[in-house]
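Trainee: below is the structure, and that's it, no one-letter string:
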Ligand SMILES: Cc1ncc(COP(=O)(O)O)c(C=O)c1O
């Protein structure tokens, strides 16, 4: 491995500036090597540093925190920490508090739902989104439909899985008169790693669209500067950025865009007053109007701790690290060959390190070109203690384009009652249940990739997989 690492370092001289992460791997992330893990699912969930946990625990043990919905001393202590976390979120993303509000949610999905259910869709309005979207964005089309708005998808183009720029212009120009129109896209694809241009935000604004940016897969390894870019709504989950806490996400919303939302209900925490004999309520101002019930107040301080940790390490260092490792990973997959010279892997998405993040979707191939069943990949990965993701990663649109599944195929093949996912995969003629995804993050190292390569070598000259694979239960 030493020779391979030396060659890698020569090829990526900037990697030397990220050695702080090797030190942290030995301390804050020591549990990975203690248990021999190769963790390659950062887009699924980030890893926390041990010091984040101890700092959080110390804080919780050092005082008493109560439910923030009161004025008593323990409540005031929680409110102070919540306000601190809120301010820190805006500061981390360089968002002016005059322009933006940070609303705490259970996760990115909760943030997306807040926008979807309250966006003032009416008949004649448009909801425009890229094929390449997480299902938690796709689901907003159901709110749009219920309110009579029209949903339009912008396709990506294989094999790079990017959106054709001129196509986007055409879709954005197609706005009927004075309407509420919402455009939603991911800053980074959780399927292919494609980074869709942030310049689209201004382009859409210039044509009167509101912009919902799904930043969940982007922000763990990239700087999102809301002083430079001004999307109306940004959704993210903190566990993807720094592992702990789970169960807390955020909607960062422009104040003017937030004022246009129409919440469909009220609840504890979101109002100043409500009455029973008179069916009237007065909404709470700002973020509180969007935070249903009691927020996760004991975990919110961990958000501030996590953001401070990322600031200390520097997001640019993480970005440089995963860039170098990601480029090596892609090259290694593309170089993987069977004895007859045929490719042993196929990548879905950009093969070059340009406008992409460290999330790589691929499949292993048999020598005759068939896709290796992803369930067997899971089995071999487990034997190597490698954590990868397989399936469609909750991003069916990117998968439909990557695997060239036509609309007619999907319309013709209904998911019938009692059908299993395996039956469905067979019915629509898919070669496998999806793809394999490797994603990198804060604690990734060259040694991880070297072990990944040893695992990948198991697929060279693999002619068939065993016939005892477990049935698929979800995509
Ligand atoms: C791009 C993207 N958006 C949204 C989500 C949903 O995040 P959560 O499950 O934390 O709500 C994910 C999760 O993987 C994601 O990758």
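Mentor: Yep, that arrived. A quick note: this is a predicted structure, and the numbers were derived from the prediction, not measured. Residues are numbered from 1 along each chain as shown.
Trainee: what about stretch 65-72, how long is it end to end?
Mentor: For stretch 65-72, the first-to-last residue distance is 10 Å (Cα to Cα, to the nearest Å).
Trainee: so who does the residue in the stretch 301-450 of the chain that the ligand sits nearest to touch?
Mentor: Using Cβ to the nearest ligand atom, residue 394 is the residue of the stretch 301-450 of the chain that sits closest to the ligand, at 6.2 Å. C-beta: built from backbone N, CA, C; applies to glycine. Residue 394 makes contact with 134-136, 190, according to Cβ atoms under 8 Å, 6 or more residues apart in numbering.
Trainee: in which helix or strand would I find it?
Mentor: Using DSSP states H and E, residue 394 is not contained in any helix or strand.
Trainee: mind checking pLDDT for it?
Mentor: Looking at residue 394, its pLDDT stands at 90.
Trainee: now swap in residue 413 and tell me
Mentor: 61.
Trainee: what ranges does the stretch 1-150 of the chain have for its helices?
Mentor: For the stretch 1-150 of the chain, the helices defined by DSSP state H, counting those that start in this stretch cover 2-11, 19-26, 30-34, 50-62, 73-92, 108-118, 135-138, 140-146.
Trainee: on the three-state scheme, residue 190 is what?
Mentor: With DSSP: H, G, I helix; E, B strand; the rest coil as the basis, residue 190 sits in coil.
Trainee: list phi and psi for residue 281.
Mentor: Main-chain dihedrals, residue 281, degrees, to the nearest 10: phi -140, psi 150.
Trainee: beta partners for it?
Mentor: residue 274 (DSSP bridges).
Trainee: what sits against it?
Mentor: For residue 281, the contact set (Cβ under 8 Å, 6+ apart) comprises 266, 271, 273-275.
Trainee: and residue 344, by the same measure?
Mentor: Residue 344 makes contact with 336-338, 364-365, 367, 456, 459-460, according to Cβ under 8 Å, 6+ apart.
Trainee: quick one: pLDDT of it?
Mentor: On pLDDT, residue 344 comes in at 98.
Trainee: and the residue lying closest to it once chain neighbours are set aside, how far is that from residue 456?
Mentor: The spatial neighbour of residue 344 that comes closest, neighbours along the chain excluded (Cβ to Cβ, 6 or more residues apart in numbering), is residue 336 at 4.2 Å. Residue 336 is 6 Å from residue 456, where distance means Cβ to Cβ, to the nearest Å.
Trainee: and for these two, which residues touch both?
Mentor: 344-345.
Trainee: so for those two, which sits in the more crowded spot?
Mentor: Set residue 336 next to residue 456 and count neighbours by other Cβ atoms under 10 Å: residue 456 wins out with 25 against 19.
Trainee: so what angle separates the directions of the helix or strand hosting the more buried one and helix 2-11?
Mentor: In the assignment (DSSP H and E), residue 456 maps to helix 446-456. With axes from the mean of the first three to the mean of the last three Cα atoms, to 10 degrees as the basis, helix 446-456 and helix 2-11 are set at 120 degrees to each other.
Trainee: for helix 446-456, name the packing helices and strands.
Mentor: helix 2-11, strand 38-39, helix 315-335, strand 386-387 (3 or more Cβ pairs under 8 Å, 6 or more residues apart in numbering; DSSP states H and E).
Trainee: residue 36 reaches residue 384, doesn't it?
Mentor: No - with contacts counted by Cβ atoms under 8 Å, residue 36 stays clear of residue 384, the gap being 9.4 Å.
Trainee: re earlier: of the helices of the stretch 1-150 of the chain, which is nearest the ligand?
Mentor: Ranking the helices of the stretch 1-150 of the chain by proximity to the ligand (Cβ to the nearest ligand atom) places helix 108-118 first, at 3.2 Å.
Trainee: pLDDT on the closest one, on average?
Mentor: For helix 108-118, the mean pLDDT works out to 98.
Trainee: what comes up buried for it?
Mentor: By neighbour count on 16 or more other Cβ atoms under 10 Å, the buried set for helix 108-118 is 108-118.
Trainee: stretch 298-306 too?
Mentor: 299-306.
Trainee: which one of those is nearest residue 452?
Mentor: If you rank the buried residues of stretch 298-306 by distance to residue 452 using Cβ to Cβ, residue 306 comes first, at 26.5 Å.
Trainee: can you confirm the closest one is in a helix?
Mentor: Yes - under three-state DSSP, residue 306 falls within a helix.
Trainee: and it, how far is that from residue 76?
Mentor: From residue 306 across to residue 76, the span is 23 Å (Cβ to Cβ).
Trainee: can you pull out the low-pLDDT segments for this structure?
Mentor: For the chain, applying pLDDT under 70 flags the ranges 411-416, 475.
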